[in-house]
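1. How does the following fold in three dimensions:
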Amino acid sequence: MEPYVLIQNEEGAKENTLTRLTGPVKDVDMLDGIPRKKGATGGSAVFDTFSILPFSTMTERSLGGSALYEAKNEGEKIRCMDIEKTETLTVDAYLASFEAMEVGMTAEMTFDKTKDEYEAIIKKIVEDEIGKGEGSSFVTPRKCMGTIDDFSDAAARSIYKRLLKNEYGCYWKFLFFDGVRYFIGASPERQLSVRHGKALMNPISGTFRKTPSNSRDEELAALKKFLQDKKEINELFMVTDEELKMMSTMCGVGGRIVGPLLKEMAHLIHTEYLLEGKPNKGEDVVSLLRKSMFAPTVIGSPVGNACKIVAKYEPRTRSYYSSCVMLLGREADGEDFLDSSITIRTLEVEPTGEFSIRVGATLVKDSIPSEEFAECEAKVRGAITALKVDREFTRLNADDDEDVKKQLATRNVNTSRFWMSLIENEDLVHHNLKGKKVVLSHNEDDFIFMLRHILERTGCDVTVLNFWETNSPESLKLIDNADVCVVGPGPGDPTDASRDDGKMKMVKQYLEYLLEHKKPFLAVCLGHQVLSHHLGFEVIQKDLPTQGIQKEVDLYGKKYDVGFYNAYYAVHDAEKVAKCPITEVALDGPEMLSTRGPHWESFQFHPESILTVEGFEIVKNSILRLVSL
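-> Numbering: from 1, shown residues only. Predicted coordinates:
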């Protein structure tokens, strides 16, 4: 039987249609190996290829000299269809075209981790990784395995038929038969879309589990309580920050944030934002996809370091989980477009009927293992229901409720004015910053690209160096010629000089060079901690990390709402302040929130975060001060 794909995207769900694709399928080693067609189509827009990417494609984001973006591979390849035929079908006609067969499983499903084992891993990640500054969130899945009795193509299509009938709120519902295996998924989240001059991502987080026995009023009351949950609210802000980092690398100017919105599915309701930007001029759509790999909602934040945590706690490959399925095509005039959906809630089925599905929960500083386990159980239940049960679920349609609308709108009141109102043609250039050369050090956190975006909008000429590059002769020339340097944020213990990659040692060397040569510089989060430690202050681990937390602080006489992502802090000591070059210090209790010196300024918080309301002004004013010294 020839390979085929069935896809219903968001537009298809509205129009009650789906798309059928056919063509030969082959293995591809890397994204650049996917066949590309060029030129006008001679008619309307066309799809050229469909691909499913293994998680190990993440290594294409790797940077020389860094251990970031590592991923295990056990022989998986990109499976790519060269599309020869495209058909649009009505859902009604497809559903009526065959009778769905019963799909049975005689044997019990098994899991790669027991409930106790999974909860122990969650506890360890929260305490040993998030608690020690390795990141703000991580996702580790539980793998469910089983065997479908008498599996056949008819069984696969029956499962997909039930998805079409029963599941809703998906970004893509898809069935891909690659000639050997089947991939059947109902994914709520877009990976990346690039079309008509727009790049789109939609970070999703926060999971409300429906209770089928509840009345609508009971369910709505429970949802409203859920929408007030600080943990769930902060989870969404954290993944939004992470995807803003990606958008900052893909979109030079302009854009907007829409939301928060509700995404209702059969068993669950999620909260989400929609991020829209104008892609870098002339950049290929596959290059943009590479910068977006993969969604933090299925890996963690920061994504690079989260990959290392995945490799540490998951002994086997992720296979095709937490990557994406992707369509590449061309408009009538030959312009490329791309659409992709993350591969979660996706069954991988062998010809024998043996299947696996992975589900995970976003772990943050205050995650409760039993609650995260329950969330995963709900996700598995939704996926397995599609295997066996032909049942419709009642829609809550809560986004029509006025109280829910107000609750969602209130979330944006204390968010970054810069990120919430990006306008392409808005002139934010300051005449004293136009053309000023700024060098940023990338310390394994892409927050640096949000800082770059802010600085470029003020008129600065910005260069980003990886931490291991900062002591090369070429980099030192850039640093020497810079008007201002920035020691960026990053994961890890700032006092740990024993790391295999020597990151903390190199960050310290860079900072010492700036101090020795009296270069004006700004230090953020990790940079602030390393500077404080170098100046003789104790830097210690917090009792409870403030990852993704907003607080009101007093910054040199003015109140600001700012975002924190730290597990360590510098301890204030008035005697040491008096004996070192610090000229001013702002405090948050015993913590040194910010310092100023003869040619520097440092912040423990993240002025570039969506959680910092006046972050643009804070960064601009800091750089203005530094260039005037």
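2. contacts, neighbours, all on C-alpha from now
-> Fine.
3. C-terminal to the one helix or strand in the chain whose mean pLDDT sits lowest, what's the next element?
-> Taking mean pLDDT, DSSP states H and E as the measure, the chain has helix 369-388 as its least confident helix or strand, at a mean of 76. Moving toward the C-terminus from helix 369-388, the next helix or strand (DSSP states H and E) is helix 402-410.
4. following that next one, which helix or strand comes up?
-> Using DSSP H and E, the helix or strand that follows helix 402-410 towards the C-terminus is helix 417-420.
5. Okay, now the sheet partners of the longest strand seen in the chain, with direction.
-> What stands out as the longest strand in the chain, according to DSSP state E, is strand 539-555. Strand 539-555 has its sheet partners listed here by DSSP bridges as strand 558-570 (antiparallel).
6. Name the residues of the strand it pairs with that are buried.
-> Neighbour counts over strand 558-570 (16 or more other Cα atoms under 10 Å) mark Tyr560, Asp561, Val562, Gly563, Phe564, Tyr565, Asn566, Ala567, Tyr568, Tyr569, Ala570 as buried.
7. can you map out the strands along the stretch 151-300 of the chain?
-> Here the stretch 151-300 of the chain has its strands, by DSSP state E, counting those that start in this stretch, at 172-177, 182-187, 190-195, 198-201, 204-209, 255-264, 268-277, 300-301.
8. Pull out the buried positions in stretch 305-320.
-> Of the residues in stretch 305-320, Asn305, Ala306, Cys307, Lys308, Ile309, Val310, Ala311, Thr317, Arg318, Ser319, Tyr320 count as buried by neighbour count, 16+ other Cα under 10 Å.
9. swap in stretch 572-587?
-> By 16+ other Cα under 10 Å, the buried positions in stretch 572-587 come out as His572, Val577, Ile582, Val585, Ala586, Leu587.
10. Go through those residues and name the one nearest Phe537.
-> His572 (7.2 Å; Cα to Cα).
11. mind checking how far the closest one is from Trp600?
-> The gap separating His572 from Trp600 is 18 Å, by Cα to Cα, to the nearest Å.
12. same deal with Asp543?
-> 29 Å.
13. Compare those two (neighbour count), which wins?
-> For Asp543 versus Trp600, neighbours defined as other Cα atoms under 10 Å are more numerous around Trp600 (25 against 10).
14. residues in contact with the closest residue to that one other than its chain neighbours?
-> Nearest residue to Trp600, sequence neighbours excluded (Cα to Cα, 6 or more residues apart in numbering): Phe521, at 4.8 Å. Residues near Phe521 by Cα atoms under 8 Å, 6 or more residues apart in numbering: Val484, Cys485, Val486, Val487, Leu514, His599, Trp600, Glu601, Leu626.
15. List the beta-bridge partners for the first one.
-> Applying DSSP bridges to Val484 yields these beta-bridge partners: Val438.
16. Any idea how many residues pack against it?
-> Residues lying near Val484 (other Cα under 10 Å) number 25.
17. which residues are contacting the longest strand of the chain?
-> The contact list for strand 539-555, computed with Cα under 8 Å, 6+ apart, reads 130-133, 135-136, 234-235, 237-238, 364-365, 494-495, 529, 532-533, 559-571, 586-588, 594, 611-612.
18. Flag every buried residue along stretch 20-27.
-> Burial within stretch 20-27, assessed by neighbour count using 16+ other Cα under 10 Å, is assigned to Arg20, Leu21, Thr22, Gly23, Val25.
19. follow-up on the earlier one: would you indicate which residues of the longest strand of the chain are buried?
-> Val539, Ile540, Gln541, Pro545, Thr546, Gln547, Gly548, Ile549, Gln550, Val553, Leu555.
20. And the residues you listed, which is closest to Gly435?
-> Distance to Gly435 across the buried residues of strand 539-555 (Cα to Cα) is lowest for Leu555, with 27.8 Å.
21. so Glu538 touches Ala570, yeah?
-> Yes. Counting by Cα atoms under 8 Å, Glu538 sits close enough to Ala570 to count as a contact (5.8 Å).
22. what sits up against whichever strand or helix holds Gly527?
-> Here Gly527 sits within helix 526-534, counting by DSSP H and E. The contact list for helix 526-534 (Cα under 8 Å, 6+ apart) reads 487-491, 494-495, 507-508, 511, 523, 538-539, 568-570, 594, 602-604.
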